[in-house]
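Undergrad: Just the structure for this:
(3 chains)
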Amino acid sequence: MKRKLCAISCIFLLLSGCSEKPKVSTFHAEEDRQEIETLEKALTDNKKIVEAAGVFFDHQLVVSLQVKPLSKFKKEKITKSLEKEVKSLFPDHDVFVSSDLKITWELNKVIEKQSEGKELKKDLDEIQELAKEET
Amino acid sequence: MDAKTYQQTVDQIAPKRPVLKNCMTAFLTGGIICGIGQIVSFVYMYFFPFTERTASNPTVSTMVFFAMVLTGLGVYKKIGQFGGAGSAVPVTGFGNAVISAAIEHKTEGFILGVGGNMFKLAGSVIVYGVFSAFVVALIKTILVQMGVISW
Amino acid sequence: MKSARTYQFTSKPSIVSTAVAVGPLEKQSPFHPHFDHVYEDERFGQDTNEKGHAHLIEETCKLAIMKGGFQTTDIDLFLGGDLVNQMTPTNFAARELATPFMGMFSACATSVSSLITASFFLESNQMERILFGSASQHNSVERQFRYPIEYGAQKPPTGQWTVTGAGYGILSHNQSDKPYVHSATIGQVIDCECTDPLDMGSAMAPAAFDTIQYHLSQNKGTAYDFVMTGDLGKTGLAILQELIRTSGVSSYLVDNYRDSGAEFYGNDDKFLSGASGSGCSASVYYGPIYAELLKKQWKKILLVATGALLSPLSFQQGESIPCIAHAVELTME
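TA: Predicted coordinates for the structure are as follows:
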């Protein structure tokens, strides 16, 4: 009886990991609902992402994502293809996409802080600098 | 005595390495060491401005530091007897090889003893690691020039 | 194979005194009540393992001399050897003892090869007292033959632990209350193409079998209390017993085959197949076994020390492990 229960719950766990929609959080400095919705749709539609975050500021768009564990081997490819997709959706924005865990944490911090103007710019610039580091 | 027939006798009587048990213990040991490594990585990313990519450097140094402490205390060889490949393959195993050789040869002084013999065991790792990196890079460069693949 | 490898000593040279000293780990041996001294420090107060090894040899030799009631100047010859490169620990100990010295190398069989040689010299009646024996120290031997001490390599169940111990004795003319050397068989190098240095027992068993078979065939009709090999370990002893069983040797009047290495650390799995090293056979033969002979617990025993004649270089060059075994028959009347 116990074994059967174990097996069934295992199957459920596996299945639940398969078709979860990504958790998306966004922040827009200029409160443009349209852009937020476009971005959210692009991210939630992507089956390979676990969570994502996006911040808009003055024609700058910083996106971070976390890839599903089993797809981690193709992390770079997924990031690149998402970058292309987002760039095509927002051709007049300066787009930056990263799948790094630290960038995700930092971006989530920025979204929570909900800062404005100069501070937001400084934060976003810092994040992009961090991502460019090689060593 | 005939070597072949003797070898048959030996195969019958001498205890064999318990391969399955060794695989399980190696898996457990290697997994735990790598788990600790991941925790160390997270610590560096959380408390310091390291990204996932740049945190690998201090993580490796920290793991080698742990290997150094455990080797010096005589604990690593016990982990090695239990875990086998699980403790030898991660970077802690490389650290243990270098550090144990350094400890052993201190009696001959620092230059000829420690310096000259430190890489006695790990030397081939470095030589063949560098060599294979060179070969792979060469192959990739040629293929890129031929247009088969891109960078 | 040369036919005359077994020699009888008509002058019946006696082992008049012995001394055994071991390191801290050997305290857990079931033989430890018979060890004269158990040191607390595996380096014996010296700053390197090799110096400690030399110190161990020197102190044990001095103890054997003192127990016999002699002075170092009474010793006509010191025969000894160890496993370290060029036998430097024995050489340095001989320097301190300041006796005439001839180094002997038979790997782990040196404990018996030195006794056989001493018996021949005494038989020539030109010497009075000869100091013989051998020793090993775990750290220096591991460094010599295998990996650094702290290296985490996994040893297989056939592996053995090198003993930190020394066993030395003094051979002199016959004394009625002391065990004497009745005969000896000199070993020949046997190579069964074993190549695993972590399984010495399998490599040395054929050499032990060859010498035992030869000695027993030259002494048909003699009943021995037991045959004790040097350091075959549990693996090698099992193989030897199988070789004995499947050959005609089992018809001789011996049914008890023991091994110092298999018994040295008792049943502790940590030591895998058992003990090894030139100090293993020396400390057991010239410690507990000698004490039991003195108490007349045994009348006639055959001690067969085994040695693996390889070097770390020969192994790396792909050579197999040639082995040798020397046998000495001790009698107590």
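
Undergrad: if I look at B:Tyr128, how far off is B:Met118?
TA: 18 Å (CB to CB, to the nearest Å). Quick note: C-beta positions are derived from backbone N, CA and C, even for glycine.

Undergrad: so where's chain A uncertain?
TA: Chain A contains residues with pLDDT under 70 at A:6, A:9-10, A:12-20, A:135.

Undergrad: which ones are touching residue 48?
TA: Since you didn't name a chain, this refers to chain A. If a contact means CB atoms under 8 Å, 6 or more residues apart in numbering or on different chains, then A:Lys48 has A:Val67, A:Lys68, A:Ser71, A:Lys74, A:Ile78 as its contacts.

Undergrad: Actually, chain C is the one I wanted.
TA: B:Thr107.

Undergrad: next one: phi and psi at it?
TA: Note on C:Thr48: backbone dihedrals following degrees, to the nearest 10 are phi -130, psi 160.

Undergrad: any chance of the contacts of A:Lys48 in CSV, plus distance to chain B, secondary structure and neighbour count?
TA: As requested, these are exported to CSV (distance: CB to the nearest CB, whole Å; DSSP: H, G, I helix; E, B strand; the rest coil; neighbours: other CB atoms under 10 Å in any protein chain shown):
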residue, distance to chain B, secondary structure, neighbour count
A:Val67, 12, strand, 23
A:Lys68, 16, coil, 17
A:Ser71, 16, helix, 14
A:Lys74, 16, helix, 14
A:Ile78, 15, helix, 19
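
Undergrad: can you name the two of those residues that are farthest apart?
TA: A:Lys68 and A:Lys74 (9.9 Å; CB to CB).

Undergrad: For chain C, give the residue positioned nearest to chain B.
TA: C:Gly152 (2.3 Å; CB to the nearest CB).

Undergrad: so who does that residue touch?
TA: C:Gly152 makes contacts with B:Thr71, B:Tyr76, B:Lys77, B:Ile79, B:Gly80, B:Gln81, B:Ser87, B:Ala88, B:Gly93, B:Asn96, B:Ser100, as judged by CB under 8 Å, 6+ apart.

Undergrad: what comes into contact with the strand or helix carrying the fourth one?
TA: Which is B:Ile79. In the assignment (DSSP states H and E), B:Ile79 maps to helix B:76-83. Residues outside helix B:76-83 that contact it (CB under 8 Å, 6+ apart): B:25-26, B:28-30, B:67, B:70-71, B:87-88, B:92-93, B:96, B:100, C:149-155.

Undergrad: mind listing which of the residues you listed are in helices?
TA: The members of these that map onto helices under DSSP state H are B:25-26, B:28-30, B:67, B:70-71, B:87-88, B:92-93, B:96, B:100.

Undergrad: Get me the contact residues on chain C for chain B.
TA: Within chain C, the positions adjacent to chain B are C:47-50, C:143, C:147-158, C:190, C:192-194, C:199, C:201-202, C:206, C:209-210, C:235, C:238-239, C:242-243, C:273 by CB under 8 Å from any CB of the partner chain.

Undergrad: Include neighbour count, distance to chain C and pLDDT when you put the ones in helices among the contacts of helix B:76-83 into JSON lines, please.
TA: Below are the ones in helices among the contacts of helix B:76-83 laid out as JSON lines (neighbours: other CB atoms under 10 Å in any protein chain shown; distance: CB to the nearest CB, whole Å; pLDDT from 0 to 100):
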{"residue": "B:Thr25", "neighbour count": "19", "distance to chain C": "9", "pLDDT": "95"}
{"residue": "B:Ala26", "neighbour count": "19", "distance to chain C": "9", "pLDDT": "96"}
{"residue": "B:Leu28", "neighbour count": "13", "distance to chain C": "14", "pLDDT": "96"}
{"residue": "B:Thr29", "neighbour count": "22", "distance to chain C": "10", "pLDDT": "96"}
{"residue": "B:Gly30", "neighbour count": "20", "distance to chain C": "12", "pLDDT": "96"}
{"residue": "B:Ala67", "neighbour count": "26", "distance to chain C": "9", "pLDDT": "95"}
{"residue": "B:Leu70", "neighbour count": "22", "distance to chain C": "9", "pLDDT": "95"}
{"residue": "B:Thr71", "neighbour count": "27", "distance to chain C": "5", "pLDDT": "95"}
{"residue": "B:Ser87", "neighbour count": "28", "distance to chain C": "5", "pLDDT": "93"}
{"residue": "B:Ala88", "neighbour count": "21", "distance to chain C": "6", "pLDDT": "92"}
{"residue": "B:Thr92", "neighbour count": "29", "distance to chain C": "9", "pLDDT": "95"}
{"residue": "B:Gly93", "neighbour count": "26", "distance to chain C": "7", "pLDDT": "94"}
{"residue": "B:Asn96", "neighbour count": "29", "distance to chain C": "5", "pLDDT": "95"}
{"residue": "B:Ser100", "neighbour count": "28", "distance to chain C": "4", "pLDDT": "94"}
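
Undergrad: from those, which two are the most distant?
TA: Longest distance between any two of the ones in helices among the contacts of helix B:76-83 is 22.5 Å, between B:Leu28 and B:Ser100; criterion CB to CB.

Undergrad: and the spatially closest residue to B:Thr62 that is not a sequence neighbour, helix, strand or coil?
TA: In space, and not counting its chain neighbours, B:Thr62 is closest to B:Val40: 5.0 Å by CB to CB, 6 or more residues apart in numbering or on different chains. Here B:Val40 is helix, with the state taken from DSSP: H, G, I helix; E, B strand; the rest coil.

Undergrad: Mind pulling up the pLDDT for B:Val40?
TA: pLDDT for B:Val40: 96.

Undergrad: Distance of it relative to chain C?
TA: 20 Å (CB to the nearest CB, to the nearest Å).

Undergrad: Spit out the contact partners of B:Pro90.
TA: B:Pro90 touches B:Gly30, B:Ile33, B:Cys34, B:Gly37, B:Met63, counting by CB under 8 Å, 6+ apart.
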